[in-house]
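>>> here is my input; please provide its structure:
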Amino acid sequence: MSLNKRAVSRNVIAVAVIVIIVVAGAAAYFMSTQSSGPSASTSSTASVAASSSASMPQTLTVDEASAPTSLDPGTVIDNNGLELAQNTNLPLFFCLNAACITSQLLPVVGVSWAASANGLSYTIGLRNNVYYSDGDPFNAYVVWYNIYRNLAMNQGADFIFYQYFTLNTVTTGDINSLNNPQNMPNATLLQIMQTPGNSVTVLNSTAVQFNLTNPFVAFMQTIETSPWVFVDPYTVEQHGGVVLNTPNSWMSVNGTTVGDGPYVSQIYVLNQYDILVANTHYWAQNMTGSDTNIILQPAIIPKIIINYKTDELTRALDLQTGGVQGAIISFDDMNHVMSGCSACSIPNIGLSGTVEWVALDSMRAPLNNTLLRRAIVAAINVTQIQQTVFNGYVSPVVGPEPKGLLYYNDSISPPVYDVSMAKQLLTEAGYPNGQGLPAIDYYYYTSTYQALVAQLLKQDLAQVGITLNIHETSLANLISLQALPGNSTNAMTMFVINWTYYADFSAYEPIVDLSFGAFGNAHNQTVVNLILKSNTELNPTLRAADISGATQAVLQGASFIWLGQDIDVYDTGAGFGPTLFNHCVAGLWYNTAFNGVDFNSVYYSCSP
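Residues are numbered from 1 along each chain as shown. Predicted coordinates for the structure are as follows:
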């Protein structure tokens, strides 16, 4: 997943969600079914795995392709950091099934919820036995603190709260006054917390009410992952507290060392590695039966080492030689790695929530010409890219919404590859055979499979007389360039990216219009109007029609080339490729409301 940018128009976001979290596709259990290598146990219970774990390795090591931008669950916005945040800190609820129906949410630190008929108020009941790894309690005051902390920091990950919350009259002084290991407010702060109608109202120590500024039908889907996880207020207050419009520098590198999840971060070395260890004070470790679930179960493997290695060859060799038990491998290198690694396997987790795409800047010449954009789209042989680059590990998709989500419309077909049509459209655009058209700049981040995509795009466009200048850059620089408005003279003309977030259409809105703040390459008022309507439409049939209409309008606008939806890919790294594992690694499951691997579900079925 790309890093999302916070260049958000608050006049629009009051009724439009643009969360990344994350998170954005089918939510279902896939328990360690593998496409090659020996068959692994499909048991999802910790007790079955634990019965044979004593003689198994006690460490799992994984190579990933890029380091987290932050370890603070309140500000992290990339998948690597979200992976750490979600393994160490828990959400209120978690999505259970493919459509993410809100009546089928797993209770995590929340146990009950009720919504008002108008969609403006949600009352959440909390567990009363949840503690952080340092012994500090989790309660309703902690929930209040975290929401207002994020609103006050106003960082990239925090814009989701501005979709339906405001700071009201709460100040950073109010927030910082929750500063004791009991996480209990003083009388003055308690009165503020109990103010009716505020974005968060504390009803008692185990119940909160969320009051939205506008109806938002995906609200319960947005609260399943970061930034909807809750750090220990006392830990924050002992290390700088909350500063308006500013991240906490200590939390950025230590924010997962204290948590209420199955793991805590033991050691983090910037840009090198992170070591997660089982939370020995984990409050849920003695829960059994119907009281627990896959999110709550304690860690089976005591230590997880995550190496951050940008070199793809190094990651592949580490996996092939047994130096690690999992590694992100470039799509185009998968077959080669598998052929040289008899112990390697690709988890059969099915469709991911990750969409791979190319953006065309429709706000600036020459690509503000719709006919020219349509010519470019028609000239690209997407099927060849899917087969050659992705080795078949993508499915055709018409974005922005991925297949598997509620309201995806299978009847909308992708654009056809037609060189003759591309040449005709190019002539109609005023550039017969490309004459008079300046070279178009194309940007991609350093990755062998992205380099191959770039070469194929260049070849396809050359067939119709369009010259593509290719620019390789770092992921960080690409992200910074994405933040530029589409009408900026320094904005990228064309670029590649991918996107993953929580399981609702609204997670993908930042892809398709400048008004939603993440990418500045397109603006279509028809799309904006349909999206705003869909996010407040309580009637499912009408919402489905709104989303289909937005999808059709995006397709007709031709500002995007949908390369495909990844298959068998965990949301780790930044679109560098699938994670391959040693065949002895079992218990793997996938849910796109979870970024990366949910390590507490993983165990060894044999010794690698």
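>>> pull up the distance across stretch 423-439, start to finish.
16 Å (CA to CA, to the nearest Å).
>>> again with stretch 402-419
27 Å.
>>> buried ones in that stretch, by neighbour count?
Pro402, Lys403, Gly404, Leu405, Leu406, Tyr407, Tyr408, Pro414, Pro415, Tyr417 (16 or more other CB atoms under 10 Å). All C-beta atoms are positioned from the backbone trio N, CA, C, and that covers glycine.
>>> so who does the first one touch?
For Pro402, the contacting residues are Ala24, Gly25, Leu351, Ser352, Gly353, Thr354, Val355, Tyr408, Tyr508, Gln565, by CB atoms under 8 Å, 6 or more residues apart in numbering.
>>> any idea which helix or strand comes after the helix or strand encompassing Asp546?
Taking DSSP states H and E as the criterion, Asp546 maps to helix 540-557. Sequence order places strand 560-567 as the next helix or strand after helix 540-557, per DSSP H and E.
>>> dump that next one to PDB, restricted to CA.
Output of strand 560-567 as PDB, limited to C-alpha atoms (Å, rounded to 0.1, in the frame of the first residue of the first chain):
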ATOM      1  CA  PHE A 560      -6.600   5.300 -14.500                       C
ATOM      2  CA  ILE A 561      -5.200   2.000 -15.900                       C
ATOM      3  CA  TRP A 562      -6.300  -0.800 -13.600                       C
ATOM      4  CA  LEU A 563      -3.500  -3.400 -13.800                       C
ATOM      5  CA  GLY A 564      -5.200  -5.900 -11.500                       C
ATOM      6  CA  GLN A 565      -6.100  -7.000  -8.000                       C
ATOM      7  CA  ASP A 566      -3.300  -9.000  -6.200                       C
ATOM      8  CA  ILE A 567      -3.900 -12.700  -5.400                       C
END
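>>> next, the angle helix 540-557 makes with it.
Counting by axes from the mean of the first three to the mean of the last three CA atoms, to 10 degrees, strand 560-567 lies at 120 degrees to helix 540-557.
>>> use 720 as the first number for this chain going forward.
Fine by me, first position is 720 from now on; the one you just mentioned is strand 1279-1286.
>>> low-confidence stretches in the stretch 720-869 of the chain?
The model of the stretch 720-869 of the chain has pLDDT under 70 over residues 720-773, 816-822.
>>> recalculate using a threshold of 90.
Across the stretch 720-869 of the chain, the ranges flagged by pLDDT under 90 are 720-774, 784-786, 788, 795-799, 801, 814-824, 836-838.
>>> now the strands for it?
778-783, 812-814, 824-826, 829-834, 840-845 (DSSP state E, counting those that start in this stretch).
>>> give the contact list for Val996.
So Val996 contacts Tyr982, Val983, Gln985, Pro1021, Lys1022, Ile1023 (CB under 8 Å, 6+ apart).
>>> just say helix, strand or coil for it.
With DSSP: H, G, I helix; E, B strand; the rest coil as the basis, Val996 sits in strand.
>>> dig out what it forms beta bridges with.
The partner list for Val996 in beta bridges (DSSP bridges) reads Val983, Lys1022.
>>> hmm, back to that, closest to Val921 among the contacts of Pro1121?
Distance to Val921 across these (CB to CB) is lowest for Ala743, with 30.7 Å.
>>> measure the residue lying closest to Thr999 once chain neighbours are set aside to Leu995 for me?
Spatial nearest neighbour of Thr999, chain neighbours left out: Ser852 (7.7 Å); criterion: CB to CB, 6 or more residues apart in numbering. Plainly put, Ser852 is 12 Å away from Leu995 if you go by CB to CB, to the nearest Å.
>>> what's the overlap in contacts for these two?
Val983.
>>> neighbour count winner among those two?
Using other CB atoms under 10 Å, the more surrounded residue of Ser852 and Leu995 is Leu995, with 28 against 21.
>>> I'd assumed Phe1318 was in contact with that one.
Yes: under the criterion of CB atoms under 8 Å, Leu995 makes contact with Phe1318 at 6.6 Å.
>>> what do the two both touch?
Both Leu995 and Phe1318 are in contact with Asn806, Tyr982, Ile1023, where contact means CB under 8 Å, 6+ apart.
>>> can you list the domains in this structure?
750-791+980-1069+1295-1327, 810-969, 1070-1286 (automatic domain parsing).
>>> what about the first one, distance to the chain center?
To tie it back to what came earlier, the one meant is domain 750-791+980-1069+1295-1327. 18 Å (CA atoms, centre = their mean, to the nearest Å).
>>> flag every buried residue along stretch 893-907.
Quick answer for stretch 893-907 (16+ other CB under 10 Å): Asp893, Ile894, Asn895, Ser896, Leu897, Asn898, Pro900, Asn902, Pro904.
>>> quick one: end-to-end distance for stretch 935-947.
End-to-end distance for stretch 935-947: 16 Å, by CA to CA.
>>> look up phi and psi at Asn923.
phi -160, psi -170 (degrees, to the nearest 10).
>>> contacting residues for the closest residue to it other than its chain neighbours?
Closest residue in space to Asn923, ignoring its immediate chain neighbours: Ala859 at 6.7 Å, by CB to CB, 6+ apart. Going by CB under 8 Å, 6+ apart, Ala859 touches Leu845, Val921, Leu922, Asn923, Ser924, Thr925, Ala926, Val927.
>>> mind running it again at 7 Å?
Leu845, Val921, Asn923, Ser924, Thr925, Ala926, Val927 (CB atoms under 7 Å, 6 or more residues apart in numbering).
>>> would you agree the second one falls within a strand?
Spelled out, it's Val921. Yes: according to three-state DSSP, Val921 belongs to a strand.
>>> mind pulling up the pLDDT for it?
pLDDT, Val921: 98.
>>> was I right about it contacting Pro915?
No: in this structure, Val921 is not within contact of Pro915 by CB atoms under 7 Å, at 10.6 Å.
>>> these two: who's more crowded?
Val921 (22 against 8).
>>> looking only at pLDDT, what's the mean for the longest strand along the chain?
Of all the segments assigned as strand in the chain under DSSP state E, the longest by residue count is strand 1070-1079. Mean per-residue pLDDT for strand 1070-1079: 89.
>>> what packs against the helix or strand just after that strand?
Proceeding N to C from strand 1070-1079, the next assigned helix or strand is helix 1089-1098, under DSSP H and E. Helices and strands in packing contact with helix 1089-1098 are listed as helix 1138-1147, helix 1167-1181; criterion 3 or more CB pairs under 7 Å, 6 or more residues apart in numbering; DSSP states H and E.
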